[in-house]
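K.L.:
with the sequence up front, the predicted model follows.
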Amino acid sequence: MYDNWEQLEEINKQCKKCRLFKTRNNVVFGSGNKHAKLMFIGEGPGADEDMQGQPFVGKAGKLMNMAFETVGINREEVYIANIVKCRPPSNRNPEDDEIVACLDYLRNQVILVKPKIVVLLGNVALKSILGKEHGITNSRGKWVEKKGIFYMPTWHPAALLRDETKKIDFIKDLKLVIEKLETLNFNSPVNSID
Ligand code: URA
Ligand code: SF4
């Protein structure tokens, strides 16, 4: 574990812990407010993210930005990261061993940010963080509290591109998140995930 962002990001940018390093153009570390109360976790970079080195800058990201605007979330005020930091070829799902190899970076990010709420975007984020027994269809829209962090699983923004009704769910879930943020006080316990 690193106790500062500079070291963590530097080590992450040089990472060759799994096969995804071979095909990446850029490591997508994460972006946003490093002291955010609210954090979003996606699956992994797509083509646009891989080219720009930033999370959620492609089509799915634009949809997420629109949803943020609808509910009044300022993208600069939240922290956004992914389960794997390098793009899986042809946007396939990350393999289990790639997730295991990469998850320490995300754990370290969560420890440094200390969010009160973490939104899990889609099945890969959900299963990687809360366990394989979870599934997004049943879990979305329902709070899970673990070690002082409230997790809200919801659809991955890319799923909204294919299904209009999921957009409604997504907005609903984001509204629950905002309500929760408002009800939480500032004395939350030390946060960590494992
Ligand atoms: N999809 C993700 O899961 N993450 C990104 O950063 C972009 C698209
Ligand atoms: Fe390292 Fe993660 Fe990239 Fe794999 S995906 S090479 S573990 S940074």
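P.N.:
Yep, that arrived. Ligands and ions are numbered 1, 2, ... in the order given.
K.L.:
ok, Ala101 touching Lys16?
P.N.:
No - with contacts counted by C-beta atoms under 8 Å, Ala101 stays clear of Lys16, the gap being 9.7 Å. Heads up, the C-betas are built off the backbone N, CA and C, glycines and all.
K.L.:
would you mind telling me which of the two has the busier surroundings?
P.N.:
Shown here are Ala101 and Lys16; by other C-beta atoms under 10 Å, Ala101 has more neighbours (19 against 10).
K.L.:
look at Asp173 and tell me its secondary structure.
P.N.:
The three-state label given to Asp173 by DSSP: H, G, I helix; E, B strand; the rest coil is helix.
K.L.:
list of residues touching stretch 76-83?
P.N.:
Stretch 76-83 is contacted by residues 28-34, 36, 38-45, 55-56, 94, 99, 102-103, 106, 109, 113, 115, 124-125, 128-129 when judged by C-beta atoms under 8 Å, 6 or more residues apart in numbering.
K.L.:
and Glu6, how many neighbours does it have?
P.N.:
8.
K.L.:
tell me who's in contact with it.
P.N.:
Glu6 touches nothing, counting by C-beta under 8 Å, 6+ apart.
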